[in-house]
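A.B. asks: Sequence and predicted model, in that order:
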Amino acid sequence: MYETQYHRAASVEEAARLMAEAEDGKFLAGGMTLIPTMKQRLASPSDLIDLRKIEALKGITVEGRTVRIGAVTTHYDVSTNEELAKICPAITSLAGHIGDPQVRNMGTIGGSIANNDPAADYPSALVALDATVITSQRSLPASDFFVGLFETALEPNEIIVAVEFVAPDKAAYKKFPNPASLYAMAGVFVAKSGDNIRVAVTGAGEGGVFRLKDAETALAGNFSPSALDSIAVEPDALLSDMHASADYRANLVKVMAKRAVAEIANRPM
Amino acid sequence: MGVEGIGARVLRKEDKRFITGKGRYTDDMSVPGMKHAAFVRSPHAHARITGIDVETAKKMPGVIGVLTGAELKADGIGNLICGWMIHSKDGTPMKMGAWSPLATDTVRYVGDAVVIVVADTKGQARDAAEAVDISYEELPVVVKTAEALNEGAPQLHPEAPGNLIFDWDIGDEKATNGAFAGAAHVTKMDIVNGRLVPNAIEPRATLGVYDAGEDHYTCWTTSQNPHVARLVLSAFYNVAPENKLRVIAPDVGGGFGSKIFIYPEELICLWASKKTGVPVKWVADRTESFLADAHGRDHITHAELAFDKDNRILGLKVQTIANLGAYMSLFSSSVPTYLYATLLSGQYDIPAIHANVKAVYTNTAPVDAYRGAGRPEASYVLERIMETAARELKVSPAELRRKNFIRVFPHQTPVIMNYDAGDFDATLDAALKAADYAGFEKRRGEAAKRGKLRGIGLSCYIEACGIAPSAAVGSLGAGVGLWESAEVRVNAIGTIEILTGSHSHGQGHETTFAQLATERFGVPIDSISIVHGDTDKVQMGMGTYGSRSGAVGMSAVIKALDKVEAKAKKIAAHLLEADEADIEIKDGDVRVAGTDKSLPWFQVALAAYTAHNLPSGMEPGLKEGAFYDPSNFTFPGGCHICEVEVDPETGVTEIIQFVAADDFGKVINPMIVEGQVHGGLAQGIGQALLEGTHYDDTGQLLTASFMDYTMPRAQNLPSFDVMTTETPCPSNPLGIKGCGEAGAIGSPPAVINAITDAIRNNNLTMPATPQTVWNAIQAAK
Ligand SMILES: Cc1cc2nc3c(=O)[nH]c(=O)nc-3n(C[C@H](O)[C@H](O)[C@H](O)COP(=O)(O)OP(=O)(O)OC[C@H]3O[C@@H](n4cnc5c(N)ncnc54)[C@H](O)[C@@H]3O)c2cc1C
């Protein structure tokens, strides 16, 4: 790791100011992505601005079916939140299957979506839940927030404050983990609110998270796993690497989508 | 057996310090004035070095020295060697390319060390390493085992034309061809045994200290065999004469073979310590471990097995290409030859065998012994082809094996080995019963109802341990003898120190070796200490690998205990005024048999040291040493049965049941043996299902971290069902065969046989990842 200056910000404003003053600063949340990158000398920020002590970024609030998750909330805190589990167990279960216990105790939802790893779990949830990303400067829908591989709509000084969504009637997330990293090799989040069905896929897309519109259409007519038999998941726009070919990923997307639908169909809520 | 003697499940004495974080590893060592090293490594798989500019790096903060291979050569430090001579079938010696510890003119794999930087801190050393400016002229690259021998393939070493290191034969080719001529059925297969990265939990590390006052070196290193390290560093690399070089291997966090070899780094740090005048420590990071630890396996093989009309094996033909990487590591040549092809007879009476092995250079990390070393490759070939033959012949895989078992011992195979004892029916029967093999088809049907493909696979392996009779391995080309030494020191108050040349890096020697003395003298195990891993304490030893510590290391201890016992009895007989033959040592007392005359053990020890009243002419003291040279290899064997369910939609394999019935001869501590088997199975199953090493076509290692290289995790493994049968080994005093590698040797074919049975496609390579299995399912559709 190269030398760096550590700052602990007390407010969003202070964090933004510290960033503006820094030569080449980086916000720090759980550090589960940033610190290993620095250790490998692939990143060398002059300054680290720690967001974890900022009150405004902390905590989960549930009001009716409206959910707000502060940006520095750890995966562990999401996975164990009982109120959230009551109205949207899909997201608590998703958080409970990120990485390993160490990662879940440190990693945050803000860090995860800011990083927008194409294999990260949260992006699929946020897109399927039609969530809103609230930043220090604006609010924008998740589908606009995620731009491409490791790319978001965030401006250099912009800080993610929270994520908000309305819990759907029913939802499920099915993840096929990469055997080595345990990140998603194909993860499918299905959310159903009345007739509104949204299916979002992570881990497989060449450009990161994407909506599987054919599946949404097919499920709108017939919400059952078999409705997905006829849809085609095109390998062309899917990732292909030593762990999984595009063909295999296309198959996994379909299988995970069917399993998510089956779980919803078999569950009271 | 007492509660702490031979056969007892004594809890590991060493675990207290390990599980409370009190272990002392090389990186825990610190000496005054110690500085830190970083290596500049080649980013290219093959390139000519056209310039090395260290001037900027030398001026960086904290930098003490920046040293190159040219300076190393100028100081007379030798090239790295392979210590086992193999002769090709035409009689020519193997073609060993030069391996300079720091590359001077050519780099041959990504990770090849070029420059060492020594600085006040590790960070400064790394900063300066980045400032070293090396100019390269890239050369064409050959990575794949199958392509190394191709016409026009890029050439690695001028010494080895066509990248061929040796073209070696074993067995009788003519007799084997003759046997095939009369065959009723021949099974043919192409078999790949992929490359593995060892990944001990503790990365390699070293601390080199040069004492100018004494002109003496101390080397702390992560070694499985500190004495071999000293021998090689001294005799071949000219670091210092043995009396001026102390090598210490303190607690070592796993080796699996990868810490047998003498690598460039410890040698360079010793030299750099003299050069810079400061103690120099280097600790690999995980990426360096991936890049620059010796890898394992990497064979491609064509095999043919001939049967007569009664399904008796007539002959076996094997052709293997073994990838040794960019340089020949210390024992690399022995692995695909004498540790591999000599085991190709397996548990079967095969009248004729012929094997040909071509060892090749490629632009990849060096390959050497890794848990099992050659024997997993042999059992994989033989047990895959046996299972395949059974399918082709439409007979039970278990019964085809049984029909061909060797039952008369000693048995001379056509490939050197002389099996001394075994009972292959016993392990097969035990495993079949435990696995409920007979009830399998019912379970397959039940799984099919749940949409799962269920399969079962066997593996009846044999291996050779206790390496090895020195004269025998000498005649086969080994540069060293493979005996072991021990010294038993009884202190004046009866406590005991056992010094051994074996080295424990996870195996539990501090417990099992102590059990031998407890058994012998009836003294509590806490009064016995095991001393190992330091060339200043233990005179000489050959270290731990090849499951040799029990069969060879313990045998040396037994010989030394015999001598101590004999002297103790003489002293006791003198003190008790009895006949020496009537003295017995039991439960901590030394008695005259059949009488109530006795002395506590400690008084005999004390008498030896006060020397007030010893038999006339006897030297004081109670301390004896012994060297034990085995008369034969030992032959552990067994049967592993794996049962799997494959999810046809995703290709995911779940191991439902894994049974291992092993014959390790005499078992000293069943708990530790089970632990060894569990670990070996985890590694074997890891190879079968998870661990794949990928280099791209330019020679970059794609799987250079745990994000891409899949190590087995607890969730990938079932709860193992392990058991042992016992046919004592006739060639050593305890009847031990060895258990350290069996799990890794026996399990991979069992797993792959089970998956191929489930998916009904025999064309499957390891690791059988979900993608690989899914592809095979699609191909079979
Ligand atoms: C072994 C391992 C396994 C993992 N497995 C998974 C997995 O299965 N699924 C998965 O989804 N993820 C996985 N992860 C990633 C994990 O979820 C990380 O926590 C996440 O990628 C980053 O979150 P963090 O809080 O650690 O962010 P950091 O590493 O601190 O920061 C990451 C990036 O986000 C920026 N950032 C952080 N917070 C904010 C903010 N509030 N506003 C603006 N920018 C911000 C930082 O500047 C940095 O660029 C794994 C990580 C590891 C190490």
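C.D. replies: Good, I have the coordinates.
A.B. asks: Checking B:G675 next. Helix, strand or coil?
C.D. replies: Recorded secondary structure, B:G675: helix (DSSP: H, G, I helix; E, B strand; the rest coil).
A.B. asks: what residues does the stretch 51-200 of chain A put near chain B?
C.D. replies: Applying C-beta under 8 Å from any C-beta of the partner chain, we find that the stretch 51-200 of chain A lies next to chain B at A:F176, A:P179, A:A180, A:S181. Yep, even glycine has a C-beta here, placed from its N, CA and C like the rest.
A.B. asks: out of these, which one sits closest to B:L343?
C.D. replies: Nearest to B:L343 among these, counting by C-beta to C-beta, is A:P179 at 30.4 Å.
A.B. asks: and that closest one, what does it touch?
C.D. replies: Residues near A:P179 by C-beta atoms under 8 Å, 6 or more residues apart in numbering or on different chains: A:H243, B:L690, B:T710, B:T769, B:P770.
A.B. asks: repeat that for 7 Å
C.D. replies: A:P179 is in contact with B:L690, B:T710, B:T769, counting by C-beta atoms under 7 Å, 6 or more residues apart in numbering or on different chains.
A.B. asks: Likewise for B:I385?
C.D. replies: Going by C-beta under 7 Å, 6+ apart, B:I385 touches B:T187, B:M189, B:A303, B:L305.
A.B. asks: quick revisit: buried ones from the contacts of A:P179, can you make that a ChimeraX selection?
C.D. replies: Buried subset of the contacts of A:P179, written as a ChimeraX selection, criterion 16 or more other C-beta atoms under 10 Å in any protein chain shown:
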select /B:690,710,769
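A.B. asks: which one of the contacts of A:P179 sits closest to A:K254?
C.D. replies: Using C-beta to C-beta, B:T769 is the member of the contacts of A:P179 that sits closest to A:K254, with 19.0 Å.
A.B. asks: sec struct for the residue nearest to the closest one when sequence neighbours are not counted, please.
C.D. replies: When the adjacent residues along the chain are set aside, B:T769 lies closest to A:P179, with 6.1 Å between them (C-beta to C-beta, 6 or more residues apart in numbering or on different chains). Here A:P179 takes the coil state, with states given by three-state DSSP.
A.B. asks: low pLDDT regions in chain A?
C.D. replies: Applying pLDDT under 70 to chain A flags the ranges A:268-269.
A.B. asks: Look at A:N105 and give its secondary structure.
C.D. replies: A:N105 ends up helix, using three-state DSSP.
A.B. asks: Okay, it and A:H75: tell me how far apart.
C.D. replies: 8 Å (C-beta to C-beta, to the nearest Å).
A.B. asks: which of these two has more neighbours?
C.D. replies: Applying other C-beta atoms under 10 Å in any protein chain shown to A:N105 and A:H75 shows that A:H75 carries more neighbours, namely 28 against 14.
A.B. asks: measure the more buried one to chain B for me?
C.D. replies: Using C-beta to the nearest C-beta, to the nearest Å, A:H75 is found at 18 Å from chain B.
A.B. asks: Surely that residue touches A:G107?
C.D. replies: Yes. Counting by C-beta atoms under 7 Å, A:H75 does reach A:G107; the two are 5.1 Å apart.
A.B. asks: that older thread, make TSV from the contacts of A:P179 and add pLDDT to it.
C.D. replies: Output for the contacts of A:P179, formatted as TSV (pLDDT from 0 to 100):
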residue	pLDDT
B:L690	98
B:T710	97
B:T769	98
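A.B. asks: what does the longest helix belonging to chain A rub up against?
C.D. replies: Across chain A, the longest stretch assigned as helix under DSSP state H is helix A:246-265. Residues outside helix A:246-265 that contact it (C-beta under 7 Å, 6+ apart) are A:170-174, A:176, A:185-188, A:190, A:192, A:199, A:201, A:204, A:212, A:215, A:219, A:223-225, A:228, A:233-235, A:238-240, B:649-650, B:771, B:774.
A.B. asks: Mind checking what secondary structure B:H354 has?
C.D. replies: Classification of B:H354 by three-state DSSP places it in strand.
A.B. asks: Kindly state the beta-bridge partners for it.
C.D. replies: B:G171, B:K317 (DSSP bridges).
A.B. asks: Just the helices from the stretch 551-700 of chain B, written as ranges.
C.D. replies: B:555-576, B:601-610, B:670-685 (DSSP state H, counting those that start in this stretch).
A.B. asks: Give me the sheet partners of the following helix or strand past the last one and which way each runs.
C.D. replies: Which is helix B:670-685. Counting by DSSP states H and E, the next helix or strand C-terminal to helix B:670-685 is strand B:721-725. Here strand B:721-725 has these sheet partners by DSSP bridges: strand B:653-663 (parallel).
A.B. asks: just the angle between the partner strand and helix B:670-685, please?
C.D. replies: 140 degrees (axes from the mean of the first three to the mean of the last three C-alpha atoms, to 10 degrees).
A.B. asks: I'd like the average pLDDT over strand B:653-663.
C.D. replies: Throughout strand B:653-663, pLDDT has a mean value of 98.
A.B. asks: what sits up against that strand?
C.D. replies: Here strand B:653-663 has contacts from B:422-423, B:426-427, B:430-431, B:434-435, B:636-646, B:677, B:681, B:685, B:689, B:717-718, B:720-727, B:739, B:742-743, B:746, B:755, B:768, B:773, using C-beta under 7 Å, 6+ apart.
A.B. asks: What's the ChimeraX syntax to select whichever of these are buried?
C.D. replies: Remark: buried members of the contacts of strand B:653-663, expressed as a ChimeraX selection using 16+ other C-beta under 10 Å:
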select /B:422,423,426,427,430,431,434,435,636,637,638,639,640,641,642,643,644,645,646,677,681,685,689,717,718,720,722,723,724,725,727,739,742,743,746,755,768,773
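A.B. asks: Closest residue of the stretch 451-600 of chain B to the ligand?
C.D. replies: Closest to the ligand within the stretch 451-600 of chain B is B:G506: 24.5 Å, counting by C-beta to the nearest ligand atom.
A.B. asks: which among the contacts of B:I385 gets closest to chain A?
C.D. replies: Nearest to chain A, judged by C-beta to the nearest C-beta, of the contacts of B:I385 is B:M189 at 25.2 Å.
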